[in-house]
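Engineer: Dropping the sequence and predicted coords here.
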There are 2 protein chains.
Amino acid sequence: MRARCEALGLEIALYQPLRDFEAMPEAAFAANLRRAEAKFDVMEQLGADTVLVCSNVSPQAIDDDALAAAQLRELASRAAERGIRIAYEALAWGRHVRDYDHAWRIAEAGDHPSLGTCLDSFHILSRGADPAGIRDIPAEKIFFLQLADAPDLVMDVLQWSRHYRCFPGQGGFDLAGFMEHVRAAGYAGPLSLEVFNDVFRQADPQRMAVDAMRSLLLLEGGLPEAAPLRGYAFAELAIEPEASAGVERLLIAMGLRHAGQHRTKAVQLWRHGDVRVLVNHDEGGDPRLTAIAVESADPLRSAERAERLLAPVLSRDRGPGEADLSAIAAPDGTSVFFCRTDAADGWVGDFLYPSPPTQPGPATELTGIDHVALSQPFDYFDEAALFYRSVLGLELEEGAELVAPDGLVRSRAARSADGSVRFALSVPVVRHGGPGHQHVAFATGDALATARAMAERGVPLLPIPGNYYDDLAARTDLDDDTIDQLRSLGVLYDAGERGELLHFYTATAGEQLFFEVLERRGGYDGYGAANSPVRLAALR
Amino acid sequence: MRARCEALGLEIALYQPLRDFEAMPEAAFAANLRRAEAKFDVMEQLGADTVLVCSNVSPQAIDDDALAAAQLRELASRAAERGIRIAYEALAWGRHVRDYDHAWRIAEAGDHPSLGTCLDSFHILSRGADPAGIRDIPAEKIFFLQLADAPDLVMDVLQWSRHYRCFPGQGGFDLAGFMEHVRAAGYAGPLSLEVFNDVFRQADPQRMAVDAMRSLLLLEGGLPEAAPLRGYAFAELAIEPEASAGVERLLIAMGLRHAGQHRTKAVQLWRHGDVRVLVNHDEGGDPRLTAIAVESADPLRSAERAERLLAPVLSRDRGPGEADLSAIAAPDGTSVFFCRTDAADGWVGDFLYPSPPTQPGPATELTGIDHVALSQPFDYFDEAALFYRSVLGLELEEGAELVAPDGLVRSRAARSADGSVRFALSVPVVRHGGPGHQHVAFATGDALATARAMAERGVPLLPIPGNYYDDLAARTDLDDDTIDQLRSLGVLYDAGERGELLHFYTATAGEQLFFEVLERRGGYDGYGAANSPVRLAALR
């Protein structure tokens, strides 16, 4: 193992752990010392010079800090003979020692050069402890640092720790603040990731390693600042030629028009005002969203940051004179482009225009893309959250669990500070077969008028069962007339902490792709999660 | 919906729930009454005459039992005008009302013929409440009964309730005792299953319905008693002809001999003393265990009980004069036969004997089948536990989680009271691809001697890394000589609460099938779970 690590350029920085070691009755302590010597033998073979001792959970453990310190000192003095250091850590569920400052006081009292402490962000932050006290620990006594994030859950801390840890930036802990205290203390050792996660355990290790490194790069800082994003340049759909007539009819009925043809590719530009959709006939398969282009204030900086954060950069076939669009692959395979549509050399120039661009549309029709909703590969939901957060500089919103006909669905959104770019991500709680849904949600200034116009133009709207409106009447103060209008058009309603949402859906084109139209009123900032069960049942 | 239910012979026995209803400030209560009237409209359409009101969780709720009772009385009097009854239930996480006796006191104080209580076994047993108080509730005031079991978990009760409930008999609650109290109270209404479970939600509904009914049949009682089981008649392997030479070599090296040929099928009997293995060449595919035959004191009664418990009964092609073996399909598709090998018309008579049966083997070789270990289909792990418990009358042991190279594995064993029949079931914690392992574990009286003999005869034993033995030396008091013997043969060691286990494994035949040989010393009663990580890593 040592040879293999050396060949890979890896160092075994910590051997772990010695459990149930300190503050023990004499006979048990003697047995523990024998066990430690055997472990030291293994460490010498591995070339590892630091061993973790986590605080005792045994019922035999004695609540006596002085005894703990004395026994750890004895262990350290034996370790020192071998050039080994003892890093003592408080487990959040230790029997008598659960807090990092308590563990440090014991290590300090042990008073041996080979005895120090190990800090684990999970054990500290899961208990709601103030990490500022880390600043008071001498740098040379912080022997090791273990980092983990975790979602905010109310559960037994041991189960939380062993099943739900995630990489920094994926959960709810303030790891950036934590690291500031560690840096202030002067710690300059390795940043280790100590992450136990049921999903990560069985996912592709190489991909997990990239995800892990991305989390550390973000935590470390020093990256090009994320360029501000301001809405969308376009969404790109892959529609095989056989399916194109149906999708064209749908786009026309939704108010878009064929407004351009790519110079060299089988790609059409469709638009309505500022709503731009590319239809790519070069790829076969089920109709689907293959790319989303965001407007970046500085596409080159966006691309540089993405590359620094290990996002896969996509190479593109480019004809002479065509725009150099920077594109990366999101964890679900969707391409993400960074564009400046108004730039002189922008992407629009790649298209031949059969008709002049239209004026911005009226508020009673589609006015833009509000968000895209993408179901994620099961193993990579946390990776996706970190990807959008780190690479695009978006903010993660709190997750929700939705009831779907074929199981629970976890959803989480990433959005720009101004709300102009939003990705709504979802994943089944239990992995099961079948492609997930993906949809493009268009904004409108008047959902009822838009729904009426679309229905008249023949858009196949998703039918909503009447019981939804009976229930809406029962649980809201909406007047009968409003309820009747919503009901007649299949428009859904939600009230948020602020504002209201009116939204409706088209039927799917193919198996997975559909469209949403939504009107945000009064600062409504969600995605209509309360309506997800009826929407998912209706889609099914 | 009503018409559909009527066509299916289904009754809508409960409409649920009205939430955050009682003990509210006046304005909120008035809005709640409007909401209730709208729900009553829906109930009339559905033909449902009872509605569940679960205890209030709203921050607005007032801690005032008299107010709660008065408001529920008002609701009940309005409901009564429609012929509707109000069933008030304590949620385990209600704001002020969490206990069933508390909810009942409020309903009693409400004092209205249309106001009663609903009992939910999860809400009661998850709080560790004594269900004996149910006996004091008048039968006509228990308007509804909801049943759920749950595994023993330490977690937020709301999460536990919403994600981990299971059918009675699958978890750790004493549902049989609970039902006795309910019966003693005189309740004669429906037994409803109120089960929220992430896995069940996305599993096959028909199969879930059968599983649910099986759990109720077991709870209801009145079944033929499970016939005592006493060890195994045989294990049957499906080996395609191309793979047979390799498996034959393996069986011979393990000490078995070809001892019979089925009269009409391409099935061979192999045996060593009381170890009997059938090799079936009629089925193609990867070598695997297809059937296990247990010795039943009364095979007909065993089969009758299985059929009453909705186990799929397998029809078999049977030649003239051949034994009528009762067989059922376990949830993973394995056939389970109920046999009496020593009966005059027993299954052994179906085989032509090329050689006389051998004598029982010496203790230094295989002496019998100890258990079979079967990985289960992901969706049906709880079904399997209930299947073995109910159909075969086995006892369920507590589950464990094992670390495997490709994720966590959950394991749980079912065993007969005397330990002579054992099924060790496993399932990945997160669903992922690939067939699971299955193995037959043979007993021996001397694992070291058997391992030595098998190694000499060329059995490909699973190689165990040396570090396992270094670690064993560090954490046990085994002497160096014992460690060296274990190491030289690849025999694993475990110490239980009682006794010790010595066991070893063969390499796999094909992708999924292998064999274990184990020696239980001093009443050891487990399966060597502590050695699973090294075993699973070595298999990989």
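Structural biologist: Yep, that arrived. Please read all numbers here as calculations on a predicted model, not as lab measurements. Numbering: from 1, shown residues only, chains lettered A, B, ... in the order given.

Engineer: Are the longest helix seen in chain A and chain B in contact anywhere?
Structural biologist: Taking DSSP state H as the assignment, the helix of chain A that covers the most residues is helix A:26-46. Yes: looking at helix A:26-46 against chain B by C-beta under 8 Å from any C-beta of the partner chain, the contacts come from A:34-35, A:38-39, A:41-42. For glycine as for every other residue, the C-beta is placed from the backbone atoms N, C-alpha and C.

Engineer: Can you pull out the low-pLDDT segments for chain A?
Structural biologist: By pLDDT under 70, the weakly predicted segments of chain A are A:316-317, A:354-361.

Engineer: Which segments of it make up each domain?
Structural biologist: What automatic domain parsing lists as the domains of chain A is A:2-196, A:229-352, A:366-539.

Engineer: Please compute how far the second one lies from its chain's middle.
Structural biologist: Translated: domain A:229-352. If you compare the mean C-alpha spot of domain A:229-352 with that of the full chain, they lie 23 Å apart, counting by C-alpha atoms, centre = their mean, to the nearest Å.

Engineer: Would you format the residues of helix A:26-46 next to chain B as JSON lines with neighbour count included?
Structural biologist: Converted to JSON lines, those look like this (neighbours: other C-beta atoms under 10 Å in any protein chain shown):
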{"residue": "A:Arg34", "neighbour count": "13"}
{"residue": "A:Arg35", "neighbour count": "19"}
{"residue": "A:Ala38", "neighbour count": "16"}
{"residue": "A:Lys39", "neighbour count": "22"}
{"residue": "A:Asp41", "neighbour count": "14"}
{"residue": "A:Val42", "neighbour count": "16"}
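
Engineer: can you put those residues in TSV and add distance to A:Val247?
Structural biologist: Written out in TSV, the entries for the residues of helix A:26-46 next to chain B read as follows (distance: C-beta to C-beta, whole Å):
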residue	distance to A:Val247
A:Arg34	73
A:Arg35	67
A:Ala38	68
A:Lys39	64
A:Asp41	68
A:Val42	62
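
Engineer: Closest to chain B out of these?
Structural biologist: Distance ranking of those against chain B, using C-beta to the nearest C-beta, places A:Ala38 first at 3.1 Å.

Engineer: what residues are up against that closest one?
Structural biologist: Contacts for A:Ala38 were tallied using C-beta atoms under 8 Å, 6 or more residues apart in numbering or on different chains; they are B:470-471, B:473-475.

Engineer: Can you tell me which of those residues is nearest chain A?
Structural biologist: B:Ala474 (3.1 Å).

Engineer: Next secondary structure after the longest helix of chain A?
Structural biologist: From helix A:26-46 onward toward the C-terminus, using DSSP states H and E, the following helix or strand is strand A:50-54.

Engineer: Tabulate the CA atom coordinates of that next one in PDB.
Structural biologist: Presented in PDB, the C-alpha positions along strand A:50-54 are these (Å, rounded to 0.1, in the frame of the first residue of the first chain):
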ATOM      1  CA  THR A  50       0.200  10.800  12.900                       C
ATOM      2  CA  VAL A  51      -2.600   8.700  14.400                       C
ATOM      3  CA  LEU A  52      -6.000   9.900  15.300                       C
ATOM      4  CA  VAL A  53      -7.400   9.000  18.700                       C
ATOM      5  CA  CYS A  54     -11.100   9.900  18.900                       C
END
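
Engineer: quick one: A:Phe423 from B:Ala306, how far?
Structural biologist: The span separating A:Phe423 from B:Ala306 equals 52 Å under the rule C-beta to C-beta, to the nearest Å.

Engineer: can you check A:Asp342 too?
Structural biologist: Between A:Asp342 and B:Ala306 the distance, using C-beta to C-beta, works out to 74 Å.

Engineer: what does stretch A:108-120 contact?
Structural biologist: By C-beta under 8 Å, 6+ apart, the residues outside stretch A:108-120 that reach it are A:14, A:52, A:65-66, A:69-70, A:72-73, A:75-77, A:79-80, A:84-89, A:100, A:103-104, A:107, A:134, A:137, A:140-148, A:182, A:194.

Engineer: Compare A:Asp342 and B:Ala306 (neighbour count), which wins?
Structural biologist: B:Ala306 (25 against 9; other C-beta atoms under 10 Å in any protein chain shown).

Engineer: what's the helix or strand harbouring that one in contact with?
Structural biologist: According to DSSP H and E, B:Ala306 maps onto helix B:299-308. Around helix B:299-308, the neighbours that count as contacts under C-beta under 8 Å, 6+ apart are B:217, B:223-227, B:229, B:296, B:313, B:325-326, B:328, B:338-340, B:391-393.

Engineer: which residue packs closest to A:Pro151, ignoring adjacent ones?
Structural biologist: Taking C-beta to C-beta, 6 or more residues apart in numbering or on different chains, and ignoring the residues beside it in sequence, A:Pro151 has A:Gly171 as its nearest neighbour in space, at 4.8 Å.

Engineer: do A:Ala90 as well
Structural biologist: A:Ala103 (3.8 Å).

Engineer: if I look at the one you found, how far off is A:Gly133?
Structural biologist: Applying C-beta to C-beta to A:Ala103 and A:Gly133 gives a distance of 11 Å.

Engineer: So between those two, which is more surrounded?
Structural biologist: A:Ala103 (27 against 15).

Engineer: Pick out the residue closest to the middle of chain A.
Structural biologist: Central residue check for chain A by C-alpha atoms, centre = their mean: the C-alpha nearest the mean position is that of A:Ala385, 1.0 Å away.

Engineer: residues touching that residue, list them.
Structural biologist: By C-beta under 8 Å, 6+ apart, the residues touching A:Ala385 are A:170, A:396, A:412, A:414, A:425.
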